[in-house]
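Visitor: Pasting the sequence and the predicted coordinates here, then a few questions.
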Amino acid sequence: MDSIKSTLSDRQAVWAFILGCVAVTLGVCAHLPMFAMARSMQYRLAGMPMDGMMLGGMALIIVGTMVAAYGLLPRNIGAQRTAASEIVVAAPEDAPLGPAHWGLMAVLVIALVIDVMKPASLGFTVPGMISEYGVPKRTVSLVPFFALAGTVTGSVLWGWIADVYGRKASILLSAVMFVGTSICGAMPSLAWNIAMCFMMGAAAGGMLPVTYALLAEMMPSRHRGWSLVLVGGLGAVGGYFAASGLSAILQPVFGWRILWLANLPTGLTLVVLGAFIPESAKFLLARGRVSEAEAVMRRFGARATRASSGRLAEGRTSHALTGIGLYGKLAALSICALSWGLINFGLLLWLPADLVAKGYSVGISSRLLAESALIAFPTVFVAALMYSRWSTKWSLATMIALTLAGLLLVLRLELAGSGSPVLPVALLIVGTNGIIAIVLPYTAESFPLRVRGRATGWVAACTKGGGLLAQGLTISGIVLSMGLSSALVMLPTTLALVLVAWFGRETRGRDLRDLDAENGQIGH
């Protein structure tokens, strides 16, 4: 009888999720007539009143998101979280990679490309917003500022959602929110764009940590490092290339709003991809769905055990960081993450507007940046190979050094007043995408168990903090040239390189439990 009730409950949940997705999609489609009617005005909607269909569409989006969330929400949450905390799921060290592993990596790369594409599109919309709304750059900077604030919120919220809803369910809910936030492309006021971009950031903020968590539970431990770097790097480079490529192709025809409307098909693509993403076996076991969990573990060569009471007590005990080695590593990785945020959400967001100001058309500037991202694409494989075969520590240091080289070439380009931005931007994209692909896995592998989660969470927050700082400067009215900005960002980036070289330790091939016995020592 209990199994029948569980089956009926699951069927109701599936239909609730489908109904929610349909409602959100219809809500977005209700905004498309306004966009289509603006064709004769080059798709400029600023100042136009919102009609009843648009308001009804917004209500459908809100209700649909809530219904979809209800369909994903498990029952007996408290008991399931307690059960999950006592389960450890991992693949054996020497388990071979099978088709299931490669398929999961491919699907998660596509998911991350879609995820990264959303915030990466911000820089390509800024010039159009400035022109259409007739406001200064400092005002338009509120859009990326609130989008980044949303990612900070999402990083915290999505960790909780992944624990309560499951890994797969959190990705699906993020996809539904992506679909809903595509109405940014039809919003007639800047204020509405700011609000929707906050929601978009909240949806995007937790995708990467959830992806890491899902891979960590599915990949054999000896393949874990390179797979995390490869999936994260391909997603980051692919997302920036997709954003710049769509801007180069579509923005000259449809204007900047088309980049937000693209969230509709890409978000729905994420929903469809959900059918190919397995739910975490740990989460299924906690819900009592043992047969489904066993099927997932058979596919991925994993097995489940119960954590010992000693290990649970150790994980739940609060400890402070001790030793100059730990403080030094934390400072090195935090400054590295902060520098990445300053570049990725500062310089690279400002660059399209800067190129337009220098006389490049929107289409040409987008094409130049897309070419730069295409050049950077093969280096993701090099980064994964370096990380797994050469050195985890020096792979990160190399990516920081490449980023410094890109900053130096941007400074040279500004001082010369002419030249192609392809090589400088390519180096920046290579370096920064290498950093973000490596820094979080390396952080998790560099700290002892008792502080590992907090250290990784802090470094992840620093990546967004750098972006908030960069956009805050613009909002406050402090306008810096690209040359001066590059010179200033070179300071923390250089410091990060020195600190990583000094305090970083090699983690390749090491049992991470060894760190618990050596947490007060400095590793080289």
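Guide: All right, it came through fine.
Visitor: and this protein, what are its domains?
Guide: 86-306, 321-524 (automatic domain parsing).
Visitor: Look at the residue lying closest to G64 once chain neighbours are set aside and tell me its secondary structure.
Guide: In this structure, G64 finds its nearest non-sequential neighbour in A23, 3.0 Å apart by Cβ to Cβ, 6 or more residues apart in numbering. Placement of C-beta: from N, CA and C, glycine included. Assigned by DSSP: H, G, I helix; E, B strand; the rest coil, the conformation of A23 is helix.
Visitor: how many neighbours does A23 have?
Guide: By the other Cβ atoms under 10 Å criterion, the neighbourhood of A23 contains 23 residues.
Visitor: Kindly report the same for M105.
Guide: Other residues close to M105 by other Cβ under 10 Å number 20.
Visitor: Next up, identify which helix or strand it is on.
Guide: If you go by DSSP states H and E, M105 is part of helix 99-120.
Visitor: Report all helices and strands that that helix contacts.
Guide: If you count contacts as 3 or more Cβ pairs under 8 Å, 6 or more residues apart in numbering; DSSP states H and E, helix 99-120 packs onto helix 142-165, helix 167-181, helix 190-205, helix 207-218, helix 221-254, helix 263-273, helix 290-300.
Visitor: what angle sits between whichever helix or strand comes after that helix and helix 190-205?
Guide: Sequence-wise, the next helix or strand downstream of helix 99-120 (DSSP H and E) is helix 122-133. When axes from the mean of the first three to the mean of the last three Cα atoms, to 10 degrees is applied, the directions of helix 122-133 and helix 190-205 differ by 170 degrees.
Visitor: Can you name every helix or strand that helix 122-133 contacts?
Guide: Helix 122-133 packs on helix 137-140, helix 142-165, helix 190-205, helix 221-254, helix 258-261, helix 348-357, helix 362-376, going by 3+ Cβ pairs under 8 Å, 6+ apart.
Visitor: and if we set it to 7 Å?
Guide: helix 137-140, helix 142-165, helix 221-254, helix 348-357 (3 or more Cβ pairs under 7 Å, 6 or more residues apart in numbering; DSSP states H and E).
Visitor: tell me how far it is from the chain's mean position?
Guide: 22 Å (Cα atoms, centre = their mean, to the nearest Å).
Visitor: Quick one: mean pLDDT over it.
Guide: For helix 122-133, the mean per-residue pLDDT is 79.
Visitor: again, but for stretch 499-512
Guide: Across stretch 499-512, the average pLDDT comes to 77.
Visitor: List the buried residues in that stretch.
Guide: Using 16 or more other Cβ atoms under 10 Å as the burial criterion, the residues of stretch 499-512 that qualify are L499, V500, A501, F503, G504, R505, T507, R508.
Visitor: try stretch 261-277
Guide: Of all the residues in stretch 261-277, those buried under the rule 16+ other Cβ under 10 Å are 261-264, 266-271, 273-274, 277.
Visitor: which one of those residues is nearest I194?
Guide: The nearest member of the buried residues of stretch 261-277 to I194, counting by Cβ to Cβ, is N263 at 16.0 Å.
Visitor: now the host helix or strand of T403 and helix 221-254, what's the angle there?
Guide: In the assignment (DSSP H and E), T403 maps to helix 392-416. Put simply, helix 392-416 runs at 20 degrees to helix 221-254, going by the same axes, to 10 degrees.
Visitor: which other helices and strands contact the next helix or strand after helix 392-416?
Guide: Following helix 392-416 in sequence order, the next helix or strand is helix 422-446 (DSSP H and E). If you count contacts as 3+ Cβ pairs under 7 Å, 6+ apart, helix 422-446 packs onto helix 221-254, helix 324-342, helix 362-376, helix 379-385, helix 392-416, helix 449-475.
Visitor: will you turn the ones you listed into CSV that also has mean pLDDT?
Guide: Compiled in CSV, the helices and strands packed on helix 422-446 are given as follows (pLDDT from 0 to 100):
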stretch, mean pLDDT
helix 221-254, 80
helix 324-342, 86
helix 362-376, 66
helix 379-385, 78
helix 392-416, 88
helix 449-475, 72
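Visitor: closest to W102 out of those helices?
Guide: W102 lies closest, by Cβ to Cβ, to one member of these: helix 221-254, at 9.6 Å.
Visitor: quick one: the closest one to chain centroid distance?
Guide: How far helix 221-254 lies from its chain's middle: 10 Å, per Cα atoms, centre = their mean.
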